[in-house]
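Asks: coords please:
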Amino acid sequence: MPKIYEYLGIIIFFYSNDHAPIHVHAKRGDCESKAEFIIRDGKIIEIRIKSAGNAKPLKSVDMRNLRSFLRVYSEKIVEKWVDFFVLRKSVSFDRITKRLK
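Replies: As a prediction, the model looks like this:
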């Protein structure tokens, strides 16, 4: 389970045996949601946040923070997904401690 980011206490990660479509999981405490990236012609055209299995979804404040994070870091997340799942490279972990605007 490679963790790729932490933002305001939300851990953003992949499951090591994950699958397409490109997506990332976000967890805080016992709550978890996932964000799917809809890509057309090499560009992210939409990000869909969904529940992750049987876990409780992120709380509203964490969901707002996740949306803000994804607006800024979505392209980097997709790059890390491709590196890890397609190119079989290791991915780095980054902790962002300042609130994004």
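Asks: can you report phi and psi for K89?
Replies: Backbone torsions of K89, given as degrees, to the nearest 10, read phi -100, psi 160.
Asks: roughly how far apart are it and P2?
Replies: Distance, K89 to P2, using CB to CB, to the nearest Å: 11 Å. For the C-beta atoms, the positions are set from N, CA and C on the backbone; glycine is no exception.
Asks: so between these two, which is more surrounded?
Replies: Per other CB atoms under 10 Å, whichever of K89 and P2 has more neighbours is P2, with 15 against 11.
Asks: output the below-cut-off pLDDT ranges for the protein.
Replies: Filtered on pLDDT under 70, the chain yields no residues whatsoever.
Asks: start to end distance for stretch 14-31?
Replies: 15 Å (CA to CA, to the nearest Å).
Asks: the residue lying closest to G9 once chain neighbours are set aside: neighbouring residues, count only.
Replies: Leaving aside its chain neighbours, G9 sits nearest to R28 (5.5 Å; criterion: CB to CB, 6 or more residues apart in numbering). By the criterion of other CB under 10 Å, R28 has 20 neighbours.
Asks: name the SS class of the residue nearest the centre of the chain, please.
Replies: Using CA atoms, centre = their mean, the residue of the chain that lies closest to the mean C-alpha position is V24, 3.4 Å off. Of the three states, V24 takes strand under DSSP: H, G, I helix; E, B strand; the rest coil.
Asks: so how far is V78 from it?
Replies: Counting by CB to CB, the gap from V24 to V78 is 9 Å.
Asks: and what of D30?
Replies: D30 sits 27 Å away from V78, taking CB to CB as the criterion.
Asks: more crowded one of these two?
Replies: Neighbour totals were compared for D30 and V78, and V78 leads with 18 against 7 (other CB under 10 Å).
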